[in-house]
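Asks: from the sequence below, what's the structure:
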Amino acid sequence: MSTCFLIKCLSFLIIFHDIQLSLAFICSQRKNNVDVRPSLNSQTNINMNAIIRKDICIKVQATTNASYYPSMDDDHLKISNSRDLFTHVSILDSSLRKLTGQGVIERMNLTSDSLSINDIMESKDLIYDRICSNKRYVLISHDTNDDPIYNFGNKAALKAFVREWDDLLIFPSRESVVLQSKDEQLRIELMKKVTNDGYAENASGIRVRGDGKFIKLQNAVVWNCYDKDDIYIGQAALFDREACPIISSEDLEER
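Replies: Numbers count the residues shown, from 1 in each chain. Reported below is the predicted structural model:
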């Protein structure tokens with residue numbers, strides 16, 4: 001066995017051990033509700049290594065299983081004890097239509113002369129194929145906790161934010177922005193507006209991705225969601241992924 005090969009093996013073991021230690025620390029911080037987002041203030045520039053280290057728990061998961069998305073028969077489709085994924089998506093769609101006159105289906109441009117809104121909403125296969133599996137239009141929602149957690153994202157959402165399905169479902173929505181940044185305050189103001197007015201059109205801002213980069217949201221719509229009994233179930237957002245550029249930490253520092 002060559003010396004070069006042994007050195008490479010030793011290097012790999014050292015790196016792997018370091019990753020294990022980092023994962024254990026970051027995940028323990030998350031369990032203790034410690035904020036692990038990259039931070040930004042007037043005295044501190046964004047450090048790419050810090051972003052990588054603080055988000056390593058998410059990045060490793062996203063990298064190892066980034067293509068996973070539950071099938072229609074998967075138990076992961078259960079959003080809560082009272083509704084499944086299809087009911088949930090239907091609520092997001094109908095709530096947006098009631099508030100703005102256009103639902104998720106229209107804004108995703110899914111209808112045609114031969115396919116109506118009702119055709120889609122009455123078919124679980126079409127909901128899954130056209131909305132859940134959509135790779136262009138991001139549809140994402142969070143629950144009603146005091147510190148809201150994402151409870152749904154379609155395939156476009158997982159790609160836009162570079163998250164795995166299982167990770168998204170434990171990810172606090174407040175951690176989607178850089179800590180102590182202008183966008184954190186803008187997000188707080190946006191959430192207040194949606195809570196008070198029901199929805200907000202043309203929302204914008206910078207959001208954190210799981211790969212250490214950022215996505216620049218443009219022309220997003222955010223709205224309150226209510227079930228058929230008019231019970232509030234959380235908030236949702238919709239935007240065109242193709243209209244939202246990916247930016248690096250260097251680009252962010254120049255803003």
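Asks: partner strands of the lengthiest strand in the chain, parallel or antiparallel?
Replies: Identified as the longest strand of the chain according to DSSP state E is strand 214-226. When pairs are called by DSSP bridges, strand 214-226 turns out to pair with strand 199-208 (antiparallel), strand 232-240 (antiparallel), strand 246-247 (antiparallel).
Asks: which strand residues bridge Ala200?
Replies: Val222.
Asks: re earlier: deepest-packed of the strands paired with strand 214-226, please.
Replies: Stretch with highest mean neighbour count among these: strand 232-240 (a mean of 22; mean count of other Cβ atoms under 10 Å). Where C-beta positions appear, they are placed from N, C-alpha and C, glycine not excepted.
Asks: where does the chain have low pLDDT?
Replies: For the chain, the stretches with pLDDT under 70 are 1-67, 75-77, 179-180, 253-255.
Asks: let's see that with 50 instead.
Replies: 6-8, 10-11, 13-65 (pLDDT under 50).
Asks: all helices for it, in order.
Replies: Assigned by DSSP state H, the chain shows helices spanning 3-31, 48-54, 56-64, 85-100, 104-107, 117-121, 124-126, 155-161, 165-168, 182-197, 249-253.
Asks: Asp125: which of the strands paired with strand 214-226 is closest?
Replies: Nearest to Asp125 among those is strand 232-240 (21.3 Å), distances taken as Cβ to Cβ.
Asks: my guess is Val221 meets Thr100, correct?
Replies: Yes: assessed by Cβ atoms under 8 Å, Val221 is found in contact with Thr100 at 7.2 Å.
Asks: quick one: which of these two has more around it?
Replies: Neighbours per residue, other Cβ atoms under 10 Å: of Val221 and Thr100, the larger number sits with Val221, 20 against 15.
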